[in-house]
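J.: Predicted model and sequence below, questions to follow.
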Amino acid sequence: MSDLPLSCQCGSVKGVAKNVSKKSCNRVVCYCSDCQAFANNIGAGARVLNEHGGTELVQLAPADVQLTKGRDHIACLRFSDKGPFRWYASCCNTPIANTAKPNFPFVGLSHAFIEMNAMTKDAKIGPVRWHCQTQDAADSWPSDQKRNGFPIGLSFRMIGLIAGWKLRGLGHPNPLFSNDNEPLVEPRLVDRKIL
């Protein structure tokens, strides 16, 4: 197990993901229109999205993530009242993570917030395992490989991980919500339109 150092681009928001291993998390790339809209809405698309419009995420239990500096720089947006919370550092517009409801044990950390290079990530948490929501990938993604939704293997693995995190109480504490399950900051509702 390894600890992953976390930092926004300017260093004002820092943290750590504790006890992360190849078995305790997923490393995926999501191409959905919402992930693209999030990156573009905060002006981080060029830094965050890969050449096909994908965002790399490391999915893990909320209790394994700690924010150690810069909570006052954390901002949040949502595309609807029921959609995921999309967190970022307002100081430099670095995406931090995606979360669901506060009682749902899941955090998808943005690769832009993980302070290590791809080779080190490969060694500590393994390579990217899945590409999902490729129906929204750029035209450069092969059209015969575009698929709606999530690969079956990823779906089964996520069900197992989330059930395990819930049973072990790893949904709390959640670094982006208070003990009363309130978001650290009021999310801004924005238009989903990709800029």
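T.: Thanks, I have it. Numbering: from 1, shown residues only.
J.: Got the confidence number for the residue located most distally from the centre of the chain?
T.: Using C-alpha atoms, centre = their mean, the residue of the chain lying farthest from its centre is Asp144. It sits 26.9 Å away. Asp144 carries a pLDDT value of 81.
J.: how about it, phi and psi?
T.: Phi and psi for Asp144, reported as degrees, to the nearest 10, are phi -80, psi 0.
J.: list the contacts for Trp141?
T.: For Trp141, the contacting residues are 31, 52-53, 134, by C-beta atoms under 8 Å, 6 or more residues apart in numbering. C-beta: built from backbone N, CA, C; applies to glycine.
J.: By neighbours, which of the residues you listed wins?
T.: Using other C-beta atoms under 10 Å as the neighbour test, these are led by Gly53, with 25 neighbours.
J.: can I assume that residue is in contact with Tyr31?
T.: Yes: look at Gly53 against Tyr31 with C-beta atoms under 8 Å: they come within range, at 5.5 Å.
J.: export the contacts of Trp141 to a markdown table and tack on pLDDT and distance to Ala75?
T.: Below are the contacts of Trp141 laid out as a markdown table (pLDDT from 0 to 100; distance: C-beta to C-beta, whole Å):
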| residue | pLDDT | distance to Ala75 |
| --- | --- | --- |
| Tyr31 | 96 | 24 |
| His52 | 96 | 27 |
| Gly53 | 96 | 23 |
| Thr134 | 93 | 29 |
